[in-house]
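Participant: can't give you the sequence, but here's the structure:
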């Protein structure tokens, strides 16, 4: 199955602005991407209406991504209500841009790790389910899905693997519930003993797939078994785009959160161009082999 390609604006900029977006949309289109993944770091960084017009001009789709930065945490009593309001805002932006999903690690602030005994974990899972439920209902009413992303052990303590995500989110998963999973090959590479098997375990609950090299660099030339991954996506009938997610080192907050301590490619343009070329070539090879 040949899938469209998307790219996250974090490859080039953080935060993205209307001015940057007006230049990035045609550039990404030139490289072969049909969709831009747009992070909402702070509401107001960019105009949803302007973005919709810009993307339409270049015949591109949009996907919305949430950013769980400082002050956003569904497991913190002092931050929960504001985080829920932020996620509702993300849903509203998704509606404006026609994005079927809002993806992100919607549990706690990215980078907050803590130890839990069995009882504390049960309590955290209960609190998370209660916190997500009203936002999920809000999203479902608007035909938007919260695609919740497992992160590696260095970025969160609660949901690191697909199996954990399925367990924690079990009461909320299902058709029309407003909750699904977002899978990122970077985190799969760290946490899953068999990334392809993890994709198959996610099955119909997989709503978003983000890709990058195992080192957060370009797709291809790394040790990821990309054919095995695409086979697994075929098996679960995933028809959405493959979205390149990597990060600029120009923003201290993003670079620190994602541990970007060295250049991941010759340039952001090179990272995006190489990834698209590899994935397009791989799709072509697979089509010819069938």
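Facilitator: Looks like it came in fine. For clarity, every value in this text was computed on a predicted model and none was experimentally measured.

Participant: can we go C-alpha only for contacts and neighbour counts from here?
Facilitator: Fine.

Participant: let me see the ranges of the helices in this structure.
Facilitator: 18-31, 48-57, 80-97, 118-141, 162-169, 185-191, 195-202, 226-235, 252-257, 268-289 (DSSP state H).

Participant: packing partners of the first one?
Facilitator: Secondary structure elements in contact with helix 18-31, counted by 3 or more Cα pairs under 8 Å, 6 or more residues apart in numbering; DSSP states H and E, are helix 48-57, helix 268-289.

Participant: which strands or helices does the first one pack on?
Facilitator: Spelled out, that is helix 48-57. Using 3+ Cα pairs under 8 Å, 6+ apart: helix 48-57 touches helix 18-31, helix 80-97.

Participant: how about a cut-off of 10 Å?
Facilitator: helix 18-31, strand 35-40, strand 61-66, helix 80-97 (3 or more Cα pairs under 10 Å, 6 or more residues apart in numbering; DSSP states H and E).

Participant: report the mean confidence score over it.
Facilitator: For helix 48-57, mean pLDDT rounds to 97.

Participant: Provide the contact partners of it at residue level.
Facilitator: 17-19, 21-26, 29, 34-36, 38, 59-62, 92-98 (Cα atoms under 10 Å, 6 or more residues apart in numbering).

Participant: strand 35-40 and that helix, what's the angle between them?
Facilitator: 170 degrees (axes from the mean of the first three to the mean of the last three Cα atoms, to 10 degrees).

Participant: drop the exposed ones from the contacts of helix 48-57 and show what's left.
Facilitator: Buried members of the contacts of helix 48-57, scored by 16 or more other Cα atoms under 10 Å, are 18, 21-22, 24-26, 29, 34-36, 38, 60-62, 92-95, 97-98.

Participant: ok, now which ones touch residue 165?
Facilitator: Taking Cα under 10 Å, 6+ apart, one finds 148-150, 158-159, 173, 180-182, 202 in contact with residue 165.

Participant: pull the number of nearby residues for residue 290.
Facilitator: 5 (other Cα atoms under 10 Å).

Participant: actually residue 114, sorry about that
Facilitator: 8.

Participant: looking at it, it is touching residue 156, isn't it?
Facilitator: Yes. The pair residue 114 / residue 156 is scored as a contact, 7.8 Å apart, by Cα atoms under 10 Å.

Participant: how about residues contacting stretch 67-82?
Facilitator: 39-42, 83-84, 86-88, 90, 103-112, 123-132, 253-254, 257.

Participant: how far does it stretch from one end to the other?
Facilitator: One end of stretch 67-82 to the other measures 13 Å (Cα to Cα, to the nearest Å).
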